[in-house]
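Novice: whatever this is, show me its structure:
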Amino acid sequence: MNGEKRVLRRAFIFYVLLFGALSSAESLRLSDAQARQIAQKIWLNEGSGLKRKLVWWNQGEEFASCGIGHFIWYTAEKPMRFWEAFPPMLRFLIAHGARPPRWLTPRTHCIWPNYAAWKRAKAKQTKRMRELTDFLERTKGLQARFMLHRLNGSYPKILAYARAHRQGKIVDGNYRRLLYRKDGTIDPQGAYILIDYINFKGDGINPSERYGGKGWGLYQVLTRMDPHAPDPHCAFAEAGKRVLERLTHIAPPERRLWRFKKGWFNRMRTYCRSR
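Specialist: Numbering: from 1, shown residues only. Okay, here's the model as predicted:
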């Protein structure tokens, strides 16, 4: 009974803090031009800016990666611990006027059961492969808006989680150092970093996205970022490299995450560039 009371008390405290965070957190707003610029940077990170990589599947993974953010799309048979971003992204696109192919809805599971089936469809350029690729090509701007929408929806939860773990001051301080210039205007590079990383590695507060109790999302990087470093962009990049390095060591060996380390670190280097 005492255990149940402790769980309920923690839940109550979290939701009190979440309400406070929702009240205090400001939503990031970007112009269409800023959103397009960030979309292009993210797409260069995820798919080298190549149209053929808009519908992708990394060998050894159990899911497809679609769109400029390589949003995870699970098969019906193999749901996993990671957040499946493709269905909510598609739902957002439809709500904002996009028209997907008739066969595609937010409830549609990945249409290829595995990597081999995707590879065959890619080689043959099947009708559905072409239709999905073209749809994702013409909605890149809206996909960037979805990623912004995700950050705005996630940050109050990150802040509430941080406050519940006595990390609220450093998390909010580092978030604001990235997002705002000294004159109070939005820093486009900081906005890119925050939007890109949460899309890349998640918010860091999902208990299912852990190995050995350790996460690798935005929360973990913000808590490890030096609040006194003169350049917040580079401070985030350095903290990100430490978090990602740890991930390669704590992940199950069969995931072979060391394969991606070079690309991950290249991504961090784009954060340290002023523009």
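Novice: contacts, neighbours, all on C-alpha from now
Specialist: Noted.
Novice: which SS class is residue 130?
Specialist: Three-state call for residue 130 (DSSP: H, G, I helix; E, B strand; the rest coil): helix.
Novice: can you check the pLDDT for it?
Specialist: pLDDT, residue 130: 98.
Novice: for residue 121, see how far away it is.
Specialist: Residue 130 sits 10 Å away from residue 121, going by C-alpha to C-alpha, to the nearest Å.
Novice: swap in residue 230?
Specialist: For residue 230, the distance to residue 121 - C-alpha to C-alpha - is 49 Å.
Novice: ok, the two, which is more surrounded?
Specialist: residue 121 (16 against 9; other C-alpha atoms under 10 Å).
Novice: wait, what's in contact with the more buried one?
Specialist: Neighbouring residues of residue 121 by C-alpha atoms under 8 Å, 6 or more residues apart in numbering: residue 129.
Novice: that one should be in a strand, yeah?
Specialist: No - using three-state DSSP, the assignment for residue 121 is helix, not a strand.
Novice: next one: it from residue 60, what distance?
Specialist: The gap separating residue 121 from residue 60 is 17 Å, by C-alpha to C-alpha.
Novice: quick check: buried residues in stretch 82-101?
Specialist: Within stretch 82-101, the residues scored as buried using 16 or more other C-alpha atoms under 10 Å are 83, 84, 85, 86, 87, 89, 90, 92, 93, 100.
Novice: for the last one, helix, strand, or coil?
Specialist: Think residue 100. coil.
Novice: residues contacting the residue nearest the centre of the chain?
Specialist: With distances taken as C-alpha atoms, centre = their mean, the residue of the chain nearest its centroid is residue 199 (1.4 Å). When contacts are counted by C-alpha under 8 Å, 6+ apart, residue 199 touches 69, 147.
Novice: mean confidence for the helix or strand encompassing it?
Specialist: Following DSSP states H and E, one finds residue 199 within helix 188-201. Taken as a whole, helix 188-201 has an average pLDDT of 95.
Novice: that helix: what's the following helix or strand?
Specialist: Using DSSP H and E, the helix or strand that follows helix 188-201 in sequence is helix 218-224.
Novice: measure how far that following helix is from the centre of its chain, please.
Specialist: 14 Å (C-alpha atoms, centre = their mean, to the nearest Å).
Novice: run through the stretch 151-275 of the chain and note the low-pLDDT ranges.
Specialist: Where the stretch 151-275 of the chain drops to pLDDT under 70, the residues are 274-275.
Novice: rerun at 90
Specialist: 182, 208, 254-255, 273-275 (pLDDT under 90).
Novice: same thing with the stretch 1-150 of the chain?
Specialist: 1-39, 59-61, 77-83, 141, 144.
Novice: tell me the first helix or strand C-terminal of the longest helix seen in the chain.
Specialist: Identified as the longest helix of the chain according to DSSP state H is helix 140-164. Next in sequence after helix 140-164, counting helices and strands by DSSP H and E, comes helix 168-179.
Novice: which residues are contacting that following helix?
Specialist: 159-163, 186-191, 194, 219, 222-223, 225, 227, 232-233.
Novice: which PyMOL command selects the buried ones in these?
Specialist: What follows is the PyMOL syntax for the buried subset of the contacts of helix 168-179, where burial is set by 16+ other C-alpha under 10 Å:
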select buried, resi 159+160+161+162+163+186+187+188+189+190+191+194+219+222+223+225+227+232+233
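Novice: before we move on, back to that, tell me the angle the helix holding residue 199 makes with helix 140-164.
Specialist: Here the directions of helix 188-201 and helix 140-164 differ by 80 degrees (axes from the mean of the first three to the mean of the last three C-alpha atoms, to 10 degrees).
Novice: what's the angle from helix 188-201 to helix 168-179?
Specialist: Going by the same axes, to 10 degrees, helix 188-201 makes 120 degrees with helix 168-179.
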